[in-house]
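Pasting the sequence and the predicted coordinates here, then a few questions.
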Amino acid sequence: MDNYRKEQLEVVAQQLKELVATYRDAVGHIGISENEYWIWYTLVLSDGEYSQRDICDTWSFAKQTVNTIVSHMVQKGYAVLEVVPGTRNRKIIRLTEAGKEYGKRFVIPVHNASQRAIERLDPEEFIAGSVALRKFITILKEEMTDAKFE
C-alpha cells in the first residue's frame with residue numbers, strides 16, 4: 001500500500017473514531033452509554049415499531065447488548081415489551097410515558113445539534129460524504145470476509 005492510501009485510511013479511521021467519541025461524550029454526562037443512547041434515539045424519534053432484533057440489525061449491536069439495555073429500561077419503568085401476535089418470541093419495545101419524557105430530555109438536544117451540523121454542510125458535500133462512506137463500508141465488509149487472519 002502506498003503512503004498516500006495508508007494516510008487516507010488512517011484519516012478515515014480517526015474521523016470515524018472522533019465521530020463516535022463525539023456522541024459518546026455528549027451522552028456520557030447523562031450516565032448512559034453510547035449504545036444505550038442509540039436505542040433511546042430509535043425509540044424516541046421513530047413512529048415505527050421496533051423489536052430487539054430490529055435494533056440489533058439497524059445499529060449492528062450484539063443481541064446481548066440490546067437485551068441488557070432494554071431489560072434495564074423495563075426494570076426502571078421506561079419501557080414495556082409486547083409479544084407480537086402470531087410469533088414465537090418476537091417482542092416490540094414500547095416506551096412508557098415516563099420513558100418518553102426521560103428519553104426526550106437527552107435525545108432531542110443531541111439530535112437537534114446533529115441536525116444543525118448537517119444543515120451547515122452543503123447538501124452536495126453531505127451526500128458525497130455519505131455515499132463515499134457507504135461504499136467504503138460495503139467494500140470493507142467484502143474485504144474482511146475474504147481476509148485470511150493467521
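Yep, that arrived. Residues are numbered from 1 along each chain as shown.

Next, residue 102: secondary structure please.
Recorded secondary structure, residue 102: helix (DSSP: H, G, I helix; E, B strand; the rest coil).

Just the buried positions in the longest helix belonging to the chain, please.
Ranked by residue count under DSSP state H, the longest helix found in the chain is helix 3-28. Residues of helix 3-28 classed as buried by neighbour count (16 or more other Cβ atoms under 10 Å): 23, 26, 27. Where you see a C-beta, it was placed from the backbone N, CA and C, and this is true even at glycine.

then the helix or strand following it to PDB, C-alphas only?
Next in sequence after helix 3-28, counting helices and strands by DSSP states H and E, comes helix 34-45. Provided in PDB are the C-alpha atoms of helix 34-45 (Å, rounded to 0.1, in the frame of the first residue of the first chain):
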ATOM      1  CA  GLU A  34     -23.400   5.400  23.600                       C
ATOM      2  CA  ASN A  35     -25.100   2.100  22.700                       C
ATOM      3  CA  GLU A  36     -28.000   3.000  25.100                       C
ATOM      4  CA  TYR A  37     -28.300   6.400  23.500                       C
ATOM      5  CA  TRP A  38     -28.800   4.900  20.000                       C
ATOM      6  CA  ILE A  39     -31.600   2.600  21.400                       C
ATOM      7  CA  TRP A  40     -33.300   5.600  23.100                       C
ATOM      8  CA  TYR A  41     -32.800   7.600  19.800                       C
ATOM      9  CA  THR A  42     -34.500   4.900  17.800                       C
ATOM     10  CA  LEU A  43     -37.500   4.600  20.200                       C
ATOM     11  CA  VAL A  44     -37.900   8.300  20.900                       C
ATOM     12  CA  LEU A  45     -37.700   9.600  17.300                       C
END
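
Many thanks, we can stop here.
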